[in-house]
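Novice: coordinates only, sequence not included:
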């Protein structure tokens with residue numbers, strides 16, 4: 001049986017963390033706070049946890065504790081043994097590692113992103129894989145730019161319609177790509193060219209082979225994008241977006257060279273920043 005006395009401090013810390021700043025938060029969601037408290041408690045536990053003892057330590061009803069633990073299990077963060085005790089899965093660890101690496105990526109990428117923006121005169125982005133989808137993580141815009149793209153950091157990027165989405169996918173291993181495509185629907189876009197998983201996988205192979213992805217008005221008419229994969233422990237990409245006329249003025253070749261050069265520099269910079277490198 002779990003020695004819950006030795007687990008008092010993690011439990012207290014988890015409860016206090018969930019309660020911190022309650023008065024300042026207008027839109028606090030109690031259910032979300034509880035599941036986060038439970039996840040922290042589970043991750044800190046030295047031994048498997050039973051529902052009754054866990055509910056008592058956290059001060060919540062057993063039925064609520066069971067429902068929250070089952071939610072974590074269904075999401076892949078908890079596992080139940082044959083004694084109805086619960087332990088965290090490696091997914092908790094992987095999420096933490098990915099988050100830390102994404103912070104490093106964003107810190108190191110910002111100067112290079114700004115350089116790419118200044119070199120091309122175009123809006124530049126860094127995209128990354130957050131474990132289930134592709135997000136715009138960073139953005140740099142020319143100060144005198146006429147066009148403003150609605151690609152704010154945190155916005156999801158279409159994996160199959162956007163160049164940044166394809167380039168991030170090209171940086172993924174098979175496991176991450178399978179997660180991304182599990183149940184994925186190839187819909188949307190004004191002029192889509194990819195409509196199936198097989199076509200998408202074939203395109204990702206082409207992106208890897210040539211080193212960059214191109215989107216020619218597939219998501220939005222008049223908008224073209226070029227992006228290149230960033231090879232790092234956390235799948236990412238760097239690229240630019242422009243009106244079709246802007247790219248023609250600068251030529252695709254020059255833009256591609258700038259984007260792939262930035263991706264190569266960022267990949268090397270991230271590799272050099274790895275512990276032990």
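Specialist: That came through, no problem. Since the model is a prediction, treat every value here as computed from it, not as a measurement.

Novice: need the residue closest to the centroid of the chain.
Specialist: Relative to the mean C-alpha position of the chain, the nearest C-alpha, by C-alpha atoms, centre = their mean, is the one of residue 130, at 1.5 Å.

Novice: would you say residue 207 is within a helix?
Specialist: Yes: counting by DSSP: H, G, I helix; E, B strand; the rest coil, residue 207 falls inside a helix.

Novice: counting neighbours, what do you get for it?
Specialist: By other C-beta atoms under 10 Å, the residues close to residue 207 number 22. Heads up, the C-betas are built off the backbone N, CA and C, glycines and all.

Novice: one more: residue 269?
Specialist: 16.

Novice: which helix or strand contains the nearest residue to it once chain neighbours are set aside?
Specialist: What sits nearest to residue 269 in space, not counting adjacent residues and going by C-beta to C-beta, 6 or more residues apart in numbering, is residue 108, at 5.3 Å. If you go by DSSP states H and E, residue 108 is part of helix 90-120.

Novice: just checking, next helix/strand downstream of that helix?
Specialist: Scanning forward in sequence from helix 90-120 by DSSP H and E, the next helix or strand is strand 123-129.

Novice: so which elements touch that next one?
Specialist: Under the contact criterion of 3 or more C-beta pairs under 8 Å, 6 or more residues apart in numbering; DSSP states H and E, strand 123-129 touches helix 90-120, strand 134-140, helix 163-170, strand 223-230, strand 236-243.

Novice: with mean neighbour count and mean pLDDT added, can I get the ones you listed in JSON lines?
Specialist: Below are the helices and strands packed on strand 123-129 laid out as JSON lines (neighbours: other C-beta atoms under 10 Å; pLDDT from 0 to 100):
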{"stretch": "helix 90-120", "mean neighbour count": "16", "mean pLDDT": "75"}
{"stretch": "strand 134-140", "mean neighbour count": "21", "mean pLDDT": "91"}
{"stretch": "helix 163-170", "mean neighbour count": "30", "mean pLDDT": "97"}
{"stretch": "strand 223-230", "mean neighbour count": "28", "mean pLDDT": "96"}
{"stretch": "strand 236-243", "mean neighbour count": "28", "mean pLDDT": "94"}
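
Novice: pipe these into a markdown table and attach distance to residue 179 per row.
Specialist: Below are the helices and strands packed on strand 123-129 laid out as a markdown table (distance: least, C-beta to C-beta, whole Å):
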| stretch | distance to residue 179 |
| --- | --- |
| helix 90-120 | 11 |
| strand 134-140 | 11 |
| helix 163-170 | 11 |
| strand 223-230 | 17 |
| strand 236-243 | 16 |
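
Novice: nearest to residue 199, of these?
Specialist: Distance to residue 199, taken as C-beta to C-beta, is lowest for helix 163-170 among the helices and strands packed on strand 123-129, at 11.6 Å.

Novice: tell me the angle of the closest one relative to strand 123-129?
Specialist: Orientation check (axes from the mean of the first three to the mean of the last three C-alpha atoms, to 10 degrees): helix 163-170 against strand 123-129 gives 30 degrees.

Novice: now do helix 163-170: everything it contacts.
Specialist: 125, 127-129, 134, 136, 157-160, 177, 180, 200, 203-204, 207-208, 212-215, 225-229, 235-239, 263 (C-beta atoms under 8 Å, 6 or more residues apart in numbering).

Novice: that concludes my questions; thank you for your assistance.
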